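In: I need the structure of the sequence given here:
(4 chains)
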Protein chains: 4
Amino acid sequence: MTERNTSTDSPEKRAAGIAAARLVSSGMVVGLGTGSTVAYTIKELGRLVREKGLDILGVVTSYQSEMLAIEAGIKLTTLSQHPELDLAIDGADQIDSELHAIKGGGAAHTREKIVSVSAKRFVVVADESKTSTQLDKTVPVEVLPFAKELAVKKIRELGGKPHLRSAVKKDGPVITDNGNFVLDAEFGVIKDPETLALQLSAIPGVVEHGIFCNVDELYIGNKDGSVKIVTRQK
Amino acid sequence: MTERNTSTDSPEKRAAGIAAARLVSSGMVVGLGTGSTVAYTIKELGRLVREKGLDILGVVTSYQSEMLAIEAGIKLTTLSQHPELDLAIDGADQIDSELHAIKGGGAAHTREKIVSVSAKRFVVVADESKTSTQLDKTVPVEVLPFAKELAVKKIRELGGKPHLRSAVKKDGPVITDNGNFVLDAEFGVIKDPETLALQLSAIPGVVEHGIFCNVDELYIGNKDGSVKIVTRQK
Amino acid sequence: MTERNTSTDSPEKRAAGIAAARLVSSGMVVGLGTGSTVAYTIKELGRLVREKGLDILGVVTSYQSEMLAIEAGIKLTTLSQHPELDLAIDGADQIDSELHAIKGGGAAHTREKIVSVSAKRFVVVADESKTSTQLDKTVPVEVLPFAKELAVKKIRELGGKPHLRSAVKKDGPVITDNGNFVLDAEFGVIKDPETLALQLSAIPGVVEHGIFCNVDELYIGNKDGSVKIVTRQK
Amino acid sequence: MTERNTSTDSPEKRAAGIAAARLVSSGMVVGLGTGSTVAYTIKELGRLVREKGLDILGVVTSYQSEMLAIEAGIKLTTLSQHPELDLAIDGADQIDSELHAIKGGGAAHTREKIVSVSAKRFVVVADESKTSTQLDKTVPVEVLPFAKELAVKKIRELGGKPHLRSAVKKDGPVITDNGNFVLDAEFGVIKDPETLALQLSAIPGVVEHGIFCNVDELYIGNKDGSVKIVTRQK
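Out: Next up, the predicted model:
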């Protein structure tokens, strides 16, 4: 995994991120995802709040998205106060043609999943490089530190190769915003993401894994600023 | 739910707890459960360590069992250092004729499940009052505070009635040893515990629920000191 | 310590709680404390929001005050978004004539202190029974579980008798909203609360203790509905 | 701050780390610090356990030191079971001529401080580059996420410039093993470390800062393998 906090501008991420911001209208409560693509959405929503009088409430998915949203001037609320969101927008590490996604490169997938499942509509923003016919990237699995060895064993029994994610700016493993570890598990091509999702959830000590089966729409940004929209077949 | 920390002596719990302690021999690494029945096991193991030279290592499932084990003089280790346990002994809130159990009245079921699944053999100690043809007690579900409302909604969709467990010696809800909430969910008679277990695990934000499908043996203590042993049919 | 969640009505708590609510005006960001007295304030603020169009934002100090505030219909924000509060209102376990207070019977004193110190004005609401010439109640000290034994030793060196607070609705100790333990420490009459506050803060592993030296005003409610106000001499 | 997990060999760190391992004898319970210098101590202790029959128990200060100690084959125990340690060995980011130290570059200083204060003797291992007449490096301060803005404000009032430490392998801030943030605070030359230590501890929401005033001995390793020992004047 390479460094995540890139500061370089990306026209394709920008295109997707800004297009999704247009889905937001006054009165909405919106889930705000984590990562470099949805950061464009958050900044654009902030601009619309300041310049166009957009009146919304945001629910954040991580400390990072909280900081970005506060900087952008978006009023924040909580899932406790607004358990049903009108819309959630987030990025993805990889997404297949049936809109199954892998998330969690930023270690924020637990709250991201809770927020996205709490929303009436869940839109993923991405660039072309994230799309794939089938999922084959590593699946981040958040586990209680107490259960690390058990989760490693159980993931292996499912055919995966788990690696404890190490931190760079602290000694030892990455700790999530919830205080847990992340196991990045290689499964090769994942033929049946929905079954694997259930199997991973059933492992004792797994808090949440990065397979998402609830994406409603995908916004794919292109370098020329155009955006392709894919809607899930129901 | 009534108060948990009873100090009154119970001959039937004592019978079961002490009988299970006899399964432990020197060299073993043993998972030590939480609650009033397995407390007899822990005290008996401590006696055997002190008086008979029993040489074992314990892995605890809660702060309570840690304190009891230290008081008893049992040397403790961790799941990280000993990921596979020879034996785990624990209590249960209710257990059916096929050895499906409900645990979590003491809010310790997450670590209890991780420990019991890490053991080669998992023995439950109980008195007759805990046995039932079918499970029908409330199922404790540990959830991330962030996911409380979503979990409430999803448990209702599964036919359950969830109640946030309130604390007595602090304001607000009970917080588990892992920092989370407990929803006590009524499902009436649970006809298919294994399916419900999978459904509860799949809810985003559920850390662990109290349905256990991995009990190998049940020790039922009687008032006369006798113990009935039930072994799972495989 | 007796059970905390009383449902019986208290005219004196009500008097103090409601009087403090009158300090709140539209546009304010208000810290909302935890406990049975400030619960009257929260309910009254909710009534003013619904019936009088009071337009405020609340910052909560615990899961309990969050639930009460949401039920009351008060819009919530966070300390991250509003680091400086106009006012904080909270209860106390005991308060002396110089407005030093002991808090933490509800195990919420860590967030309560952070919120009250973040406010321009900190008002405590109480009934007469909480006032005392000198502080002599037990001081709740929130400690990392990892540091329990060290904190016990250090508190004893300071002349205190610490007792780990046990839970009733879970096995083992009370866990705070932050995931830590509470040591209730008896010091007898505390002659110099400010020095003891510094000494307790300096103990490694102490997250926060219950001595508050930042109370600006005290509202003491009487049974006849009248309220006595005491202001700190600066 | 540069990347912490270096794999390159360092003769001076090795010299100090191994020399300190010689202080350990059978029967001891030893606190095992975190970082690249004390990693040599842990590996050497593991070698002595395997090859020389050294019989000790270790108490770890982080997930990293836990993993290293398990790999090395050192039997681990806990502070709960052994509240008083015979010896603690750890590294430092900077240490002055009076043996005041700054620790926390690895974000493990909270548990490191608890462990070192629990030990009868605390030895720091370092290379020459860590020594300084006066402390002037950034002081890591672990804070509750809830208290971030308040801690930033209070550190500024003390003359410091705090920076929230950002993560590389997750989005947003570094999270410590205890689930908290780290503020790296620049104070320039710290003339009175003991006073600053008390001031930082007194900030609500500060869990623990990286100033250590309890070092008993310093082992400074040189490239030629020699070690200089400095003992604190009492």
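
In: going forward, measure contacts between C-alpha atoms and count neighbours the same way
Out: OK.

In: Kindly report the domain assignment for chain A.
Out: Listed domain ranges for chain A are A:11-129+A:213-225, A:139-205 (source: automatic domain parsing).

In: where exactly do the helices run in chain A?
Out: For chain A, applying DSSP state H gives helices covering A:11-21, A:38-52, A:63-72, A:109-117, A:148-157, A:193-201.

In: Check whether the fifth one comes near chain D.
Out: No: no part of helix A:148-157 sits near chain D under the criterion Cα under 8 Å from any Cα of the partner chain; the closest distance found is 11.2 Å.

In: Now do the buried residues in that helix.
Out: A:148, A:149, A:150, A:151, A:152, A:153, A:154, A:155 (16 or more other Cα atoms under 10 Å in any protein chain shown).

In: In this structure the third one contacts residue B:83, no?
Out: Yes: in this structure residue A:150 lies within contact range of residue B:83 using Cα atoms under 8 Å: 6.8 Å.

In: Give the intersection of the neighbour lists for these two.
Out: residue B:118 (Cα atoms under 8 Å, 6 or more residues apart in numbering or on different chains).

In: For stretch A:65-72, give me every contacting residue.
Out: Contacts for stretch A:65-72 (Cα under 8 Å, 6+ apart): A:32-35, A:39, A:42-43, A:45-47, A:58, A:60, A:75-76, C:80-81, D:172.

In: Tell me, what's the model's pLDDT at the closest residue to residue A:21 other than its chain neighbours?
Out: Distances taken as Cα to Cα, 6 or more residues apart in numbering or on different chains put residue A:41 closest to residue A:21, at 5.3 Å, once the chain neighbours are dropped. Note for residue A:41: predicted pLDDT of 98.

In: Could you report the neighbour count for residue A:41?
Out: Residue A:41: 27 surrounding residues under other Cα atoms under 10 Å in any protein chain shown.

In: just to revisit the earlier point, kindly reformat the domains of chain A as JSON lines and extend each row with distance to residue B:225.
Out: JSON lines is the format used below for the domains of chain A (distance: least, Cα to Cα, whole Å):
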{"stretch": "domain A:11-129+A:213-225", "distance to residue B:225": "48"}
{"stretch": "domain A:139-205", "distance to residue B:225": "35"}
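
In: out of those, nearest to residue D:121?
Out: Nearest to residue D:121, of all those, is domain A:139-205, at 23.9 Å by Cα to Cα.

In: pLDDT of that closest one, averaged?
Out: 98.

In: Quickly check: that domain near chain B or not.
Out: Yes: Domain A:139-205 is in contact with chain B by Cα under 8 Å from any Cα, via A:146, A:147, A:148, A:149, A:150, A:198, A:201, A:202, A:204, A:205.

In: any idea how far the closest residue to residue A:37 other than its chain neighbours lies from residue A:107?
Out: In space, and not counting its chain neighbours, residue A:37 is closest to residue A:13: 5.0 Å by Cα to Cα, 6+ apart. According to Cα to Cα, to the nearest Å, residue A:13 stands 20 Å off from residue A:107.

In: Compare neighbour counts for those two and give me the winner.
Out: residue A:107 (32 against 28).

In: Report the separation between that one and chain D.
Out: Separation of residue A:107 from chain D (Cα to the nearest Cα, to the nearest Å): 5 Å.

In: and residue A:151, how far is that from residue B:15?
Out: The gap separating residue A:151 from residue B:15 is 35 Å, by Cα to Cα.

In: cool, and residue A:109?
Out: Using Cα to Cα, residue A:109 is found at 47 Å from residue B:15.

In: what do you get for residue A:99?
Out: Distance of residue A:99 to residue B:15, computed by Cα to Cα: 56 Å.

In: Also residue A:63?
Out: Relative to residue B:15, and taking Cα to Cα, residue A:63 is found at 51 Å.

In: between the two, who's got more neighbours?
Out: Neighbour totals were compared for residue A:63 and residue B:15, and residue B:15 leads with 26 against 17 (other Cα under 10 Å).

In: about what we covered before: contacts only, for the residue nearest to residue A:21.
Out: Neighbouring residues of residue A:41 by Cα under 8 Å, 6+ apart: A:14, A:17, A:18, A:19, A:20, A:21.

In: what do you get for residue A:163?
Out: A:183, A:184, A:185.

In: wait, doesn't the second one sit right on residue A:165?
Out: Yes: in this structure, residue A:184 sits in contact with residue A:165. The criterion is Cα under 8 Å, and the distance is 6.5 Å.

In: These two: which is more packed in?
Out: Shown here are residue A:184 and residue A:165; by other Cα under 10 Å, residue A:184 has more neighbours (24 against 20).

In: Report the beta-bridge partner residues of the more buried one.
Out: Beta bridges link residue A:184 to residue A:140, residue A:163 when assigned by DSSP bridges.

In: so how far is residue A:138 from it?
Out: Distance from residue A:184 to residue A:138, counting by Cα to Cα: 6 Å.

In: do residue A:147 as well
Out: With Cα to Cα as the criterion, residue A:147 and residue A:138 are 20 Å apart.
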